[in-house]
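Visitor: Quick one, what's the 3D model for this:
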Amino acid sequence: MAVSPSEKIAHARSLCEQARWPEVLEFAQAWAAETPADAKAWYYSGIALAAAGRLIDAETSYRRALKLDASDFKAWNNLAALLFGAMNRPVDAAQCLMQALQIDPGNQLGWANLASMNGQLGRHAQALECAERALALNPQMVEALLHRARAAQALGKTEIVQAVSEALANLPPEKFKRTR
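Guide: Okay, here's the model as predicted:
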């Protein structure tokens, strides 16, 4: 019986949620061998390779996925995170995230991630702008509020820091639960 692409994605996602990285890799590699033009096979291979610390291989898999489907926000986002966090290539990472946000400018997490990257690079005005883009999409996004406050503090904009503090104080406790 043939397995549909959506069933393959569901299986790979389930393995990822359980952090069964060797199985994810084995499954994704078999999937890619069977259907080399399926971008999701390469995407899940990238996830597993990154989890295994095989960074160059993970980058190669993500880039192969993006060559097949350049409109995959998650692949751009994951590649950006890999380049920024593990491979110390912040400029490349920010470019990847900007590409992702061109695909989905309404992605609040993407804007918050770019705010974080810009802040860590000392680009506080850009970090503030990105945090505000995320907050325009979700005014109660804790991560974006925190990035906004850090950027404003670095820029000496104490009124923004105070406004963020007040906004955080008024959020319900469940907003502080980590969502990713």
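
Visitor: ok, Ser165 - how many residues close by?
Guide: 12 (other C-beta atoms under 10 Å). All C-beta spots, glycine's among them, are computed from the backbone N, C-alpha and C.

Visitor: wait, doesn't it sit right on Ala152?
Guide: No: assessed by C-beta atoms under 8 Å, Ser165 is found out of contact with Ala152, at 10.5 Å.

Visitor: Where does the residue nearest the centre of the chain sit: helix, strand or coil?
Guide: The centroid of the chain falls nearest to Asn77 when counting by C-alpha atoms, centre = their mean (3.8 Å). Following DSSP: H, G, I helix; E, B strand; the rest coil, we place Asn77 in the helix state.

Visitor: Name the nearest residue to it, ignoring sequence neighbours.
Guide: Closest residue to Asn77 apart from its sequence neighbours, by C-beta to C-beta, 6 or more residues apart in numbering: Ala100 at 5.1 Å.

Visitor: burial of the one you found, as a residue count?
Guide: By other C-beta under 10 Å, neighbour count at Ala100 equals 26.

Visitor: Counting by contacts, list what the helix or strand harbouring it packs against.
Guide: Element membership of Ala100 [criterion: DSSP states H and E] is helix 90-103. When contacts are defined as 3 or more C-beta pairs under 8 Å, 6 or more residues apart in numbering; DSSP states H and E, helix 90-103 sits against helix 73-81, helix 108-120.
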